[in-house]
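*Asks:* one predicted model, sequence on top.
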Amino acid sequence: MTTTVDPPATLNTARMRTWHRPSLWFAAAMAVATVLTIAAMLIDRRTLLGAPVWAKLFKFAVSGGLYFFTWSWLVSLLRGRLRKVAGTATTVAVVLFAAEYVTMAFQAVRGRPSHFANTSPFDFALFQAMGVMVAGLWLATLVGTVLLMFTRIEDRAVYWAVRTGAVLALIGAGLGATMTRPTPIERAEIKATGHSDLIGAHSVGVADGGPGLPLLGWSTTGGDLRIPHFLGLHALQALPLLAFGLAVLATRLPRLRESAVRVRLVWTGSVGYAGLVGLILWQAERGEPLVYPSGPTLAAAGLLVGAIAAAAAASVLVPVRKAVR
């Protein structure tokens, strides 16, 4: 016996009044920052490491806005003391991200790199301070992620999408640490002169600032660690959206009205998303551009797509076991 699937109540307008206010307002501030950084890029034509000096602030505004908008909703799913603790942790994350963003803007005004900077003791101190902020932000997010494991959501597909999305986002955020290692060129420079203007890089196999994808700036000549970092971080949006999309499709496709079928598909999507992040990380670590995959990368991608397609088909076609009463 199938059941009628209603649109997820977790996103209705009335419920938005219970969302975490500091992160919701900060998401709105990031929307404003997005517009301002676009204007800044049009007015201020300076470049830094081959990219517009305001490009990084634009990308952080878009990403941060999505991230904290989602966390505003996630905190509202908790109840009682758990919600209070998660709200405090999320507020701490907002404050730390805001401090990092202000530091980045300060460096952009000066025309200096905000990340990996070692041009002067002051620049290095700012970068170290930002590292502390990011570590604190990650720990605050860890607290929120752990608390989400105790969330009660009626729709089981959304229930699992929230958990797997939050865990993958936490892992994706942690992948930012892969960029802080000195590159071989920087190590050689430090060994020869005792100093390097940069310590760490986005790119692998090539210097930062080379040819890249429009606006995103992701390297088209070498590996780029920003890509798996970005993809992992935004599992927080992708997987809940998958669950909501399945709930909407269930109003038209009877098979998806089975909660167990939608849960299977969410788990398939979660495993596939994790596999994609791992594949892109492997590709970047080998110094390979995203847009020019090698034979081994294409073979691995084909296996991943085939496995996920088979799992998705099985999720829909295999009968659901009915509980014995």
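*Replies:* Nice, thanks for sending it over.
*Asks:* now the host helix or strand of V167, how far from the centre of its chain.
*Replies:* In the assignment (DSSP states H and E), V167 maps to helix 156-174. How far helix 156-174 lies from its chain's middle: 11 Å, per Cα atoms, centre = their mean, to the nearest Å.
*Asks:* just stretch 54-72 next, same as before
*Replies:* Relative to its parent chain, stretch 54-72 has a centroid offset of 10 Å by Cα atoms, centre = their mean.
*Asks:* so who does the residue nearest the centre of the chain touch?
*Replies:* Nearest to the mean C-alpha position of the chain, by Cα atoms, centre = their mean, lies L233 at 1.5 Å. Contacts of L233 were listed using Cβ atoms under 8 Å, 6 or more residues apart in numbering, and they are 63, 67, 169, 172-173. Glycine gets a C-beta too; all of them are placed from N, C-alpha and C.
*Asks:* same for the helix or strand of the chain with the lowest mean pLDDT, what does it pack against?
*Replies:* When the helices and strands of the chain are scored by mean pLDDT, DSSP states H and E, helix 184-193 comes last with a mean of 86. Applying 3 or more Cβ pairs under 8 Å, 6 or more residues apart in numbering; DSSP states H and E, we find helix 184-193 packed against no helix or strand.
*Asks:* neighbouring contacts of it?
*Replies:* Here helix 184-193 has contacts from 182, 195-196, 198-201, 207, using Cβ under 8 Å, 6+ apart.
*Asks:* could you do stretch 68-77 as well?
*Replies:* By Cβ under 8 Å, 6+ apart, the residues outside stretch 68-77 that reach it are 10-11, 15, 18-21, 23-24, 26-27, 30, 83, 86-87, 90, 93-94, 97, 144, 148, 151-153, 162, 166, 236-237, 240.
*Asks:* kindly export that stretch (C-alpha atoms) in PDB.
*Replies:* Coordinates of the C-alpha atoms in stretch 68-77 are reproduced here as PDB (Å, rounded to 0.1, in the frame of the first residue of the first chain):
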ATOM      1  CA  PHE A  68      24.400  29.900   6.100                       C
ATOM      2  CA  PHE A  69      20.900  30.100   4.500                       C
ATOM      3  CA  THR A  70      20.900  26.300   4.700                       C
ATOM      4  CA  TRP A  71      22.200  26.200   8.200                       C
ATOM      5  CA  SER A  72      19.500  28.700   9.300                       C
ATOM      6  CA  TRP A  73      16.900  26.100   8.200                       C
ATOM      7  CA  LEU A  74      18.800  23.100   9.600                       C
ATOM      8  CA  VAL A  75      19.000  24.700  13.100                       C
ATOM      9  CA  SER A  76      15.200  25.100  13.000                       C
ATOM     10  CA  LEU A  77      14.800  21.300  12.600                       C
END
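*Asks:* what residues sit buried inside it?
*Replies:* When neighbours are counted by 16 or more other Cβ atoms under 10 Å, the buried residues of stretch 68-77 are found to be 68-77.
*Asks:* neighbours of M149, how many?
*Replies:* Neighbour count of M149, defined by other Cβ atoms under 10 Å: 11.
*Asks:* excluding chain neighbours, what is closest to it?
*Replies:* Nearest non-adjacent residue to M149, counting by Cβ to Cβ, 6 or more residues apart in numbering: R163, 6.2 Å away.
*Asks:* local confidence estimate at the one you found?
*Replies:* Reading off the per-residue confidence, R163 sits at a pLDDT of 95.
*Asks:* and it, how far from V291?
*Replies:* Using Cβ to Cβ, to the nearest Å, one obtains 33 Å as the distance from R163 to V291.
*Asks:* those two - which one has more neighbours?
*Replies:* Between R163 and V291, R163 has the larger neighbour count (other Cβ under 10 Å), namely 18 against 10.
*Asks:* OK, contacts around the more buried one?
*Replies:* Going by Cβ under 8 Å, 6+ apart, R163 touches 148-149, 151.
*Asks:* one more: F127?
*Replies:* 114-118.
*Asks:* just want the angle from the host helix or strand of it to helix 156-174.
*Replies:* Under the criterion DSSP H and E, the helix or strand holding F127 is helix 121-148. Taking axes from the mean of the first three to the mean of the last three Cα atoms, to 10 degrees, one finds that helix 121-148 is oriented at 160 degrees with respect to helix 156-174.
*Asks:* buried residues in helix 121-148?
*Replies:* Residues 123, 126-127, 130-131, 133-134, 136-138, 140-141, 143-148 are the ones in helix 121-148 that count as buried (16+ other Cβ under 10 Å).
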